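Visitor: give the three-dimensional model of this entry:
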Amino acid sequence: MANDFDLVVIGAGSGGVRAARMAAGHGARVAIIEERFFGGTCVNVGCVPKKLFAYGAGFPDEFRLAADYGYTVDGWSFDWATLRDNKTREIERLNGIYRRLLDNAGVTVFEGHGRIEGAGRVSVDGDIQLNAERILIATGGKPFVPDFPGNDRVRISDDLFYLECLPDTVAVVGGGYIASEFASILNGLGVTVHQLYRRELFLRGFDHDVRTFVAERMGANGVKLHFNTDVAAIEERDGRQALHLVDGGELVVDQVFYATGRVPRLDNLLAEGVELDIADNGAVRVDEGLQTSLDGVYALGDVIDRLQLTPVALAEGTWLAAHWFAENKPQGPLDYRDVPTAVFCHPNIGTVGFTEEEALERFGTVRVYRGSFRPMRYTLGDIQEKTLIKLIVDDASDRVVGLHMAGEEAAEITQGFAVAVRMGATKADFDRTIGIHPTSAEEFVTLRQGETVTL
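Guide: Numbering: from 1, shown residues only. Alright, predicted model coming up:
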C-alpha cells in the first residue's frame, strides 16, 4: 500500500536525513517527517550559522592585525543586517539541498508533526497514517531555560540568528560551549558581554588547563566573566533587563540570552498509552543497537544524549541503515571512542581523547606535555594572542590518549591529529614525525619536556 514503509524517520536533521538516504540507497522504502526545517539544529540554528557568525566576529581583530603588516584599514564599519541576512540566505540554500537529497534518494517526505501511535504506526499531523516495519526517532534537542521569576524575558540561542538589531549590552547565562561561543561572538561584534555561570569555572567536561586558559583569554579579550553567579529573577526596568543575582547583586543589560543546556525534543511524540523508557535527564534510553524500549522503535542523535555532535548523529544514521538493510552489515555496535570535537569561542578549542583528569582515572599514571606560545603572525606587533597545546600519554603503553588545543585553527589542527590518536599513535610516533615549519601544528610533534602524574 502507498503508506507502507520499511522505515519511517521522525525528524529531518542531520542524523535522520542520513539514515533515510542511506536506507533508501540500500533499497528500503523510506518516509521522513519534518515539521520545522530540513537540516535540523546544526544547519539552521546551530553549528553552521554559529560558525559563520564566529567568522564575522573575527574581522575586527584581523583589521587590527593588518596594521602590523603595513595596511591602513581606517573607517571600517559593521552592518549587522548584512551578516544576518547573508547567513539566512545560505541557510535557506542548505535547506533546499537537504530536501533535494531526500527527493533524489527516493525518500517520501511529509511536512508536519510526526507522532508514534503504536507498534509500527505513525501519524502526520494526526491525520495521515503510516505503517512502518521500523520507526526512527531523530527529533533532536531544544534549548532549556530554568524556571524562575522573569524567565519569559530571556532569549534562547536560536534567537541570536534572527535579531532585528544588536543590543549594546547582553548577559549570556551558561557555562557550556554554546554560551561560551555566543559570548565570544557577541563580544567580537562589539557588544558588551557579561557571561554568568553558577559554578567556579565554565566548560565543564573539558580539560582543566584548557578551561583555565580559555577563561583567561576570553577575559583578556573583553568578555566580563562572572563565575559562581546565578540569576534569581529578571525584571524590566526602563526598557532594559535587570538581573537580580542569587548573591544579592544586580546587573542591568539590554538583553539576556540563556544557554543553560539542551533537552531532547519529545513534544507530543507519543500518543496516549505509548511509553518509552526515558532517562532522568529526559533522553530516550537505547541499547547498543540504538533500539528503544519499544520493539521496532529506534532513536539517534541529540534525543538519546550520548554525544550531542552532528558527526556522531551522521555516524549513527549510517550505521543503522547499514545494520538494517545493507548486504554487508557492520560488525559490532558503533564505536564512540576518541570522537574529536571543537568549541568555536575565542580562542577556539579542539580536543580528542581523554582529559588529564579522565586519563588519570583510567590509566593511573600518565605523562603530560604542555606548551604555550604566541602564534607567529602576531609577532610583528603588540597583539598578545596566545595558544595552548597539551598531550596526555599513557605512561605504560606510551600511547597518546588525549590531545587538546586552545588557539587559532584549533579545530582544523585537531581534526588531523584525531586520526593519529584514533589509530593508537604513541608519543614516540609523534616524536619521529617531522613538523611543518613554521606552523602552530608542528608544536605537537616537538613537545619533549613532560611531567609524570600519578593518581
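Visitor: buried ones in the lengthiest helix in the chain?
Guide: With secondary structure taken from DSSP state H, the chain has its longest helix at helix 80-105. Residues 83-84, 87, 91, 94-95, 98-99, 101-102, 105 are the ones in helix 80-105 that count as buried (16 or more other CB atoms under 10 Å). For glycine as for every other residue, the C-beta is placed from the backbone atoms N, C-alpha and C.
Visitor: equivalent analysis for stretch 179-198, please.
Guide: 179-189, 191-198.
Visitor: could you dump the buried residues of helix 80-105 into JSON lines and include pLDDT and distance to Met218?
Guide: Listed next are the buried residues of helix 80-105 as JSON lines, based on pLDDT from 0 to 100; distance: CB to CB, whole Å:
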{"residue": "Leu83", "pLDDT": "98", "distance to Met218": "21"}
{"residue": "Arg84", "pLDDT": "98", "distance to Met218": "24"}
{"residue": "Lys87", "pLDDT": "98", "distance to Met218": "23"}
{"residue": "Ile91", "pLDDT": "97", "distance to Met218": "27"}
{"residue": "Leu94", "pLDDT": "96", "distance to Met218": "30"}
{"residue": "Asn95", "pLDDT": "93", "distance to Met218": "33"}
{"residue": "Tyr98", "pLDDT": "95", "distance to Met218": "34"}
{"residue": "Arg99", "pLDDT": "94", "distance to Met218": "38"}
{"residue": "Leu101", "pLDDT": "96", "distance to Met218": "38"}
{"residue": "Leu102", "pLDDT": "97", "distance to Met218": "40"}
{"residue": "Ala105", "pLDDT": "97", "distance to Met218": "43"}
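Visitor: what packs against the strand or helix carrying Leu388?
Guide: Element membership for Leu388 (DSSP states H and E) is strand 387-394. Packing partners of strand 387-394 (3 or more CB pairs under 8 Å, 6 or more residues apart in numbering; DSSP states H and E): helix 208-220, helix 356-363, strand 365-373, strand 400-406, helix 427-432.
Visitor: include mean neighbour count and distance to Asp335 when you put these into TSV, please.
Guide: TSV is the format used below for the helices and strands packed on strand 387-394 (neighbours: other CB atoms under 10 Å; distance: least, CB to CB, whole Å):
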stretch	mean neighbour count	distance to Asp335
helix 208-220	18	25
helix 356-363	17	17
strand 365-373	17	22
strand 400-406	26	16
helix 427-432	15	21
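Visitor: for Pro340, find the nearest of those.
Guide: Between Pro340 and the helices and strands packed on strand 387-394, the shortest gap by CB to CB is with strand 400-406, which sits at 8.5 Å.
Visitor: angle of whichever helix or strand comes after that closest one against strand 387-394?
Guide: Downstream of strand 400-406, the next assigned helix or strand under DSSP H and E is helix 410-422. Calculated by axes from the mean of the first three to the mean of the last three CA atoms, to 10 degrees, helix 410-422 forms an angle of 10 degrees with strand 387-394.
Visitor: sort out which residues of helix 410-422 are buried, please.
Guide: So helix 410-422, judged by 16+ other CB under 10 Å, has buried residues 410-411, 413-414, 417-418, 420-421.
Visitor: again, but for stretch 41-60
Guide: Buried-residue list, stretch 41-60, by 16+ other CB under 10 Å: 41-50, 52-54, 56-58, 60.
Visitor: check stretch 200-208 too.
Guide: Neighbour-count burial for stretch 200-208 [16+ other CB under 10 Å]: 201-203, 206-207.
Visitor: that one: how far from the chain's middle?
Guide: 15 Å (CA atoms, centre = their mean, to the nearest Å).
Visitor: centre of the chain to the helix or strand encompassing Trp324, how far?
Guide: Following DSSP H and E, one finds Trp324 within helix 310-325. The chain centroid and the centroid of helix 310-325 are separated by 18 Å, computed with CA atoms, centre = their mean.
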